[in-house]
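Participant: sequence and predicted structure are below.
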Amino acid sequence: MDCALLASRIHEFLEGTLPEAEHEAALEHLAECHACEIVLAETRDVADLVDDDGHTALTNDDRSRMLGNVIDEVAE
Ligand SMILES: [Zn+2]
């Protein structure tokens, strides 16, 4: 698994809905890639924001934009 593939799977990864083989590959990549570790932490924070009050405070567009910003920051 590489960074782009992990980024495209990150919501499924957090939800635990990835196939086992992909989940394992994601964990292996995260163990050695600090950039994706940051992206995962940021994505988890956003997911927590939404889950805390039981309402979807952010649209999917918001989430995609925030995730895109994080990936841009990491890439620089
Ligand atoms: Zn990576």
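Facilitator: Everything's here; your move.

Participant: buried residues in the one helix or strand Arg9 maps to?
Facilitator: Assigned by DSSP states H and E, Arg9 falls within helix 3-15. Residues of helix 3-15 classed as buried by neighbour count (16 or more other C-beta atoms under 10 Å): 6-7, 9-11, 13. (Glycine included, C-beta is placed from N, CA and C.)

Participant: from these, pick the one nearest Ile71.
Facilitator: The nearest member of these to Ile71, counting by C-beta to C-beta, is Ala7 at 5.9 Å.

Participant: wait, what's in contact with the closest one?
Facilitator: For Ala7, the contact set (C-beta atoms under 8 Å, 6 or more residues apart in numbering) comprises 36, 39, 67, 71.

Participant: now do 10 Å
Facilitator: By C-beta atoms under 10 Å, 6 or more residues apart in numbering, the contact set of Ala7 is 13, 35-36, 39-40, 43, 67-68, 70-71, 74.

Participant: just the pLDDT at it, thanks.
Facilitator: At Ala7, the model reports a pLDDT of 91.

Participant: for the helix or strand containing Ala31, name the packing helices and strands.
Facilitator: Ala31 is part of helix 20-32, with elements assigned from DSSP H and E. Here helix 20-32 touches helix 3-15, helix 34-52, going by 3 or more C-beta pairs under 10 Å, 6 or more residues apart in numbering; DSSP states H and E.

Participant: adding distance to the ion, write these out as a markdown table.
Facilitator: Converted to a markdown table, the helices and strands packed on helix 20-32 look like this (distance: least, C-beta to the ion, whole Å):
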| stretch | distance to the ion |
| --- | --- |
| helix 3-15 | 3 |
| helix 34-52 | 3 |
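
Participant: quick one: closest of these to Asp62.
Facilitator: Set against Asp62 and scored by C-beta to C-beta, these come closest in helix 34-52, at 8.3 Å.
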